[in-house]
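Peer 1: Structure for this input, please:
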Amino acid sequence: MSADIAEVREEGGAQVVSVRADVDMHRSPELHQVLLEVCRSEPSRLIVDLASVEYMDSSGVGTLVEVFRRVKSYQGELFLVGMQPRVRGVFEITKLDKFFTIRESVSEALL
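Peer 2: Below is the predicted model of the structure:
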């Protein structure tokens, strides 16, 4: 499955969603749809690769929080990987880095 905002693939038994663009109020609905579609199959491990995302506003953060809750509701694991410093800063300021499992890379999340 592929959309303008993200590419979805399977790797190492996990569903990997590579986000291709900044996530703001204009793009977050598209990302939301992609992530909800992936969650329908209830993958045990969902990895969201944010390496190409240089900017994320509160709508993007809200989308990830909703997906986090959905994945937790079926006892799956959600990993955020490859965060740029600016995006990571948003998660640190809001203390969301304490809730999300953040890794440096997809390969690290697959361990």
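Peer 1: Buried ones in the helix or strand harbouring Arg86, by neighbour count?
Peer 2: According to DSSP states H and E, Arg86 maps onto helix 85-93. Residues of helix 85-93 classed as buried: Val87, Arg88, Val90, Phe91 (neighbour count, 16 or more other C-beta atoms under 10 Å). Using the backbone N, CA and C atoms, a C-beta is placed for each residue, glycine as well.
Peer 1: Same list as before, those that is, but in JSON lines and with pLDDT and distance to Ala21 included.
Peer 2: As requested, the buried residues of helix 85-93 are arranged in JSON lines below (pLDDT from 0 to 100; distance: C-beta to C-beta, whole Å):
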{"residue": "Val87", "pLDDT": "97", "distance to Ala21": "12"}
{"residue": "Arg88", "pLDDT": "97", "distance to Ala21": "17"}
{"residue": "Val90", "pLDDT": "94", "distance to Ala21": "16"}
{"residue": "Phe91", "pLDDT": "96", "distance to Ala21": "18"}
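Peer 1: who's in contact with the closest residue to Ile102 other than its chain neighbours?
Peer 2: Leaving out its chain neighbours, the residue that sits closest to Ile102 by C-beta to C-beta, 6 or more residues apart in numbering is Leu80, at 5.1 Å. By C-beta atoms under 8 Å, 6 or more residues apart in numbering, Leu80 lies in contact with Val48, Leu50, Leu64, Phe91, Phe100, Thr101, Ile102, Arg103.
Peer 1: and if we set it to 10 Å?
Peer 2: Each residue near Leu80 by C-beta atoms under 10 Å, 6 or more residues apart in numbering is listed here: 19, 46-50, 64, 68, 87-88, 91, 96-97, 100-103, 109.
Peer 1: mind checking the end-to-end distance for stretch 72-88?
Peer 2: Its start and end residues considered, stretch 72-88 measures 21 Å (C-alpha to C-alpha, to the nearest Å).
Peer 1: Return the distance of it from the chain's centre.
Peer 2: Stretch 72-88 sits 5 Å away from the centroid of its parent chain (C-alpha atoms, centre = their mean, to the nearest Å).
Peer 1: In it, which residues are buried?
Peer 2: Using 16+ other C-beta under 10 Å as the test for burial, stretch 72-88 gives Gly76, Leu78, Phe79, Leu80, Val81, Gly82, Met83, Val87, Arg88.
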